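Chemist: pasting the sequence and the predicted coordinates here, then a few questions.
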Number of protein chains: 2
Amino acid sequence: MSDPLSTYALKDIKPLLQPGEVIAAVKEALIRHSAGEVQSPLPGQLTFPEVNGDCHIKYGHIRGADQFVVKIATGFYDNPQSGQPVNNGLMLLFDARTGAPRCLFQDEGWMTAWRTAAAVALAAHCLAPRPAPRVGIIGTGQQAQLATQWVAVVLPGATFMLLGRDASRTRETADRCGARVASSMASLLSNSDIVITTTPAAHALFAAEDAHPGQHFVAVGADGPEKQELPPQLFARAGVILTDDRAQCLALSDFGRAVRTGVVLADSDRAFGDMLGARFTLERKPADITIVDLTGLAAQDIAIANLLFGKLQEQAHQ
Amino acid sequence: MSDPLSTYALKDIKPLLQPGEVIAAVKEALIRHSAGEVQSPLPGQLTFPEVNGDCHIKYGHIRGADQFVVKIATGFYDNPQSGQPVNNGLMLLFDARTGAPRCLFQDEGWMTAWRTAAAVALAAHCLAPRPAPRVGIIGTGQQAQLATQWVAVVLPGATFMLLGRDASRTRETADRCGARVASSMASLLSNSDIVITTTPAAHALFAAEDAHPGQHFVAVGADGPEKQELPPQLFARAGVILTDDRAQCLALSDFGRAVRTGVVLADSDRAFGDMLGARFTLERKPADITIVDLTGLAAQDIAIANLLFGKLQEQAHQ
């Protein structure tokens, strides 16, 4: 007979997680990941091309931790047509000493969204070309909206501009987020110090020659070999390339596509976590284009699940 | 706002699943798997060597099905020392049209155990050397015990003999299962038409030359590259080798080890599902040693989850 599984709904979870704490936990996890302290095999993926959907399964264990985490996140991009959110999912926490399930977080995909937004904020911050930067965000979905809030936590005074495919949706999202609307891709690229791409696009969103010297790119949308946001040549132009995980980015994201295209070598990146942990000193010229390519790590899922678990235990003992 | 996740405990699940129905559902799923109708990437694995534990994550979708399944199964082999069962886990069913989680089966690993026992029964049956065979089972855990019940469903009149490392545990298990106790490995091998291996062993359980002509082997224990039950040379001696999934067996089980050892080629197997679906005629001599190597498929998890889901829906409409 095993202990019961504790189940928490989104409404129980939401009040307990604040951006600042999640960002700190995710930073620590990214540092430990790049130090090799996290057991996290390549994530699993199922695709549902007939309904434009996919499911990502990430799982991992930080060395020495009492729990391990399995996270299931779905993105069904046609859902809004029937009034349902694109993202859904849940997280499970297991006892790493007995294998017993301990907690189910029915977060409807929000913990994945938050831990991703935390990485985006850290990525925007770590190579921001200047204080209070102008941030251009491509996309109008959950990550675009979170970016306007979470990047502001680490880059106070930042201003935001949005560009989406649907003009009225873009207008509405921008109004809600206190962002401006970009009139065109050219305008967004001309008026942004930092460009964050948050789309499920299957083709490059712009041409590499349209990027500006000194511009910093954070790519978070591509999480499968069929997706693409940044053009391969942008990596060839970049002075600094950071990946959250080299193997995962080679398999799943724009960095891998650039390597397969032959414009950069498979070891031309540095580890994002090593940068966050100040394990190297970056030689960077003001005109350098810089890129952080994010695919999302089980380490981030573990970070947010453990943070939440700790808070729930505190609550239980009060 | 998504629909609530329906949660079912083991006590709700157990009365609904009968061996005969599970075996039929698993047979159908194995046939569809080998026909290429199941999207099921290589399973995920986490290992916890300090506590002799592992976690397997299987996930898949049968073409056209309304649901997809993610299954998490843990095996922590030192758990009995603290009075806890070795196996645990849960299964999740998601809507394949929206990605929303639909059902959580808190089966404590039992659905995995049953769908595995169903495959073992089918494997024992499909190449059984004679009716009412003598079945030798190596191991005394959950799968060994289930084998004595589930093989009897498809092979009426079969008799069972058990061999385990711990004499008193073997005695006790055998008594409970109506099986005899083998006095030694040599005795078990000499007195069995079918040998079923159900252990978490890391080395071959016997030498290939100790197998008898005409003997049929079903290997179900090895589910990771570090595990081993059958000696590679047994595959060289075998007239028929069936695998539940070639890629998975190459990566995870005894067939893969035999291939890496160089004693058989990577295409020397046939698909177990093709055999069950009578997609080929087997040329088999009475003295042939035969092997079915099982690693467990997401298709089996889907089969048992869908069977249960259907029964729960029937119940709800009564």
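Modeler: Now that the structure is in, tell me what you want to look at.
Chemist: which other helices and strands does the longest helix along chain A contact?
Modeler: Secondary structure of chain A read by DSSP state H shows that its longest helix is helix A:298-316. Where contact means 3 or more C-beta pairs under 8 Å, 6 or more residues apart in numbering or on different chains; DSSP states H and E, helix A:298-316 is packed against strand A:6-9, helix A:19-34, strand A:38-39, strand A:53-62, strand A:67-76, strand A:87-95, strand A:101-106, helix A:110-126. All C-beta atoms are positioned from the backbone trio N, CA, C, and that covers glycine.
Chemist: ok, residues contacting that helix?
Modeler: Outside of helix A:298-316, the residues within contact range by C-beta atoms under 8 Å, 6 or more residues apart in numbering or on different chains are A:6, A:8, A:13, A:16-17, A:21-22, A:25-26, A:28-30, A:32-33, A:38, A:40, A:43, A:58-62, A:65, A:67-69, A:71, A:91, A:93, A:102-103, A:105, A:111-112, A:114-116, A:118-119.
Chemist: I'd like the average pLDDT over stretch A:112-126.
Modeler: Mean per-residue pLDDT for stretch A:112-126: 97.
Chemist: follow-up on the earlier one: could the helices and strands packed on helix A:298-316 go into TSV alongside mean neighbour count?
Modeler: Supplementary listing: those in TSV, determined by neighbours: other C-beta atoms under 10 Å in any protein chain shown:
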stretch	mean neighbour count
strand A:6-9	15
helix A:19-34	22
strand A:38-39	20
strand A:53-62	23
strand A:67-76	26
strand A:87-95	25
strand A:101-106	22
helix A:110-126	26
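Chemist: okay if I get these as TSV plus distance to residue A:291?
Modeler: Below are the helices and strands packed on helix A:298-316 laid out as TSV (distance: least, C-beta to C-beta, whole Å):
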stretch	distance to residue A:291
strand A:6-9	36
helix A:19-34	16
strand A:38-39	23
strand A:53-62	22
strand A:67-76	23
strand A:87-95	25
strand A:101-106	32
helix A:110-126	9
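Chemist: closest to chain B out of those?
Modeler: Closest to chain B of the helices and strands packed on helix A:298-316 is strand A:67-76 (C-beta to the nearest C-beta; 2.9 Å).
Chemist: what lines up beside that closest one in the sheet?
Modeler: strand A:53-62 (antiparallel), strand A:87-95 (antiparallel) (DSSP bridges).
Chemist: would TSV of those strands with mean pLDDT be doable?
Modeler: Below are the strands paired with strand A:67-76 laid out as TSV (pLDDT from 0 to 100):
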stretch	mean pLDDT
strand A:53-62	95
strand A:87-95	96
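Chemist: burial measure for the closest residue in space to residue A:180 that isn't next to it in sequence, as a count.
Modeler: Closest residue to residue A:180 apart from its sequence neighbours, by C-beta to C-beta, 6 or more residues apart in numbering or on different chains: residue A:161 at 4.6 Å. Residue A:161 is flanked by 21 other residues according to other C-beta atoms under 10 Å in any protein chain shown.
Chemist: swap in residue A:180?
Modeler: 17.
Chemist: am I right that it is in contact with residue A:171?
Modeler: No - counting by C-beta atoms under 8 Å, residue A:180 stays clear of residue A:171, with 10.3 Å between them.
Chemist: off-centre distance for the longest helix of chain A?
Modeler: Between the centre of helix A:298-316 and the centre of its chain there are 18 Å (C-alpha atoms, centre = their mean, to the nearest Å).
Chemist: now do it against strand A:67-76, angle only.
Modeler: Calculated by axes from the mean of the first three to the mean of the last three C-alpha atoms, to 10 degrees, helix A:298-316 forms an angle of 110 degrees with strand A:67-76.
Chemist: now do helix A:298-316 against strand A:101-106, angle only.
Modeler: Orientation check (the same axes, to 10 degrees): helix A:298-316 against strand A:101-106 gives 100 degrees.
Chemist: what comes up buried for helix A:298-316?
Modeler: Within helix A:298-316, the residues that qualify as buried are A:298-309, A:311-312, counting by 16 or more other C-beta atoms under 10 Å in any protein chain shown.
Chemist: same question, stretch A:254-265
Modeler: In terms of neighbour count (16+ other C-beta under 10 Å), stretch A:254-265 has its buried residues at A:254-259, A:263-264.
Chemist: picking up where we left off before, quick check, nearest of the buried residues of helix A:298-316 to residue A:281?
Modeler: For these, the closest approach to residue A:281 (C-beta to C-beta) belongs to residue A:299, at 23.6 Å.
Chemist: quick check: the closest one vs residue A:19, distance?
Modeler: 18 Å (C-beta to C-beta, to the nearest Å).
Chemist: before we move on, the earlier item: would a markdown table of the strands paired with strand A:67-76 with distance to residue A:220 be doable?
Modeler: Compiled in a markdown table, these are given as follows (distance: least, C-beta to C-beta, whole Å):
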| stretch | distance to residue A:220 |
| --- | --- |
| strand A:53-62 | 13 |
| strand A:87-95 | 13 |
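Chemist: surely residue A:6 is in contact with residue A:106?
Modeler: No - the pair formed by residue A:6 and residue A:106 falls short of the contact definition of C-beta under 8 Å, at 11.2 Å.
Chemist: and the strand or helix carrying residue A:151 with chain B, contact?
Modeler: Using DSSP states H and E, the element containing residue A:151 is helix A:142-154. No - Helix A:142-154 does not reach chain B (C-beta under 8 Å from any C-beta of the partner chain); its nearest approach is 13.6 Å.
Chemist: list the contacts of that helix.
Modeler: So helix A:142-154 is contacted by A:19-20, A:23, A:85-87, A:113-114, A:116-118, A:120-122, A:124-125, A:135, A:137-138, A:158, A:160, A:162, A:164, A:173, A:176-179, A:194, A:196, A:198, A:220-221 (C-beta under 8 Å, 6+ apart).
Chemist: follow-up on the earlier one: so for the longest helix of chain A, mean pLDDT?
Modeler: Rounded mean pLDDT across helix A:298-316 is 93.
Chemist: and the angle for it with helix A:19-34?
Modeler: When the same axes, to 10 degrees is applied, the directions of helix A:298-316 and helix A:19-34 differ by 130 degrees.
Chemist: got the CA coordinates for helix A:298-316 in PDB?
Modeler: The C-alpha trace of helix A:298-316 is given here as PDB (Å, rounded to 0.1, in the frame of the first residue of the first chain):
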ATOM      1  CA  ALA A 298      13.800  19.000 -17.400                       C
ATOM      2  CA  ALA A 299      16.100  20.800 -14.900                       C
ATOM      3  CA  GLN A 300      13.700  23.800 -15.200                       C
ATOM      4  CA  ASP A 301      10.700  21.600 -14.600                       C
ATOM      5  CA  ILE A 302      12.400  20.100 -11.500                       C
ATOM      6  CA  ALA A 303      13.300  23.600 -10.300                       C
ATOM      7  CA  ILE A 304       9.700  24.900 -10.400                       C
ATOM      8  CA  ALA A 305       8.300  21.600  -9.100                       C
ATOM      9  CA  ASN A 306      10.700  21.500  -6.100                       C
ATOM     10  CA  LEU A 307      10.000  25.200  -5.400                       C
ATOM     11  CA  LEU A 308       6.300  24.500  -5.300                       C
ATOM     12  CA  PHE A 309       6.700  21.400  -3.300                       C
ATOM     13  CA  GLY A 310       8.700  23.300  -0.700                       C
ATOM     14  CA  LYS A 311       6.100  26.000  -0.500                       C
ATOM     15  CA  LEU A 312       3.300  23.400  -0.100                       C
ATOM     16  CA  GLN A 313       5.200  21.700   2.700                       C
ATOM     17  CA  GLU A 314       5.700  25.000   4.500                       C
ATOM     18  CA  GLN A 315       2.000  25.700   4.100                       C
ATOM     19  CA  ALA A 316       1.100  22.200   5.500                       C
END
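Chemist: in the stretch 201-318 of chain A, what residue lies closest to chain B?
Modeler: For the stretch 201-318 of chain A, C-beta to the nearest C-beta, closest residue to chain B: residue A:298, 9.5 Å.
Chemist: can you pull the contacts of the nearest residue to that residue once chain neighbours are set aside?
Modeler: Counting by C-beta to C-beta, 6+ apart, residue A:60 is the residue found nearest to residue A:298 once chain neighbours are left out, at 3.1 Å. The neighbourhood of residue A:60, defined by C-beta under 8 Å, 6+ apart, consists of A:38-41, A:68-69, A:297-299, A:301-302, B:46.
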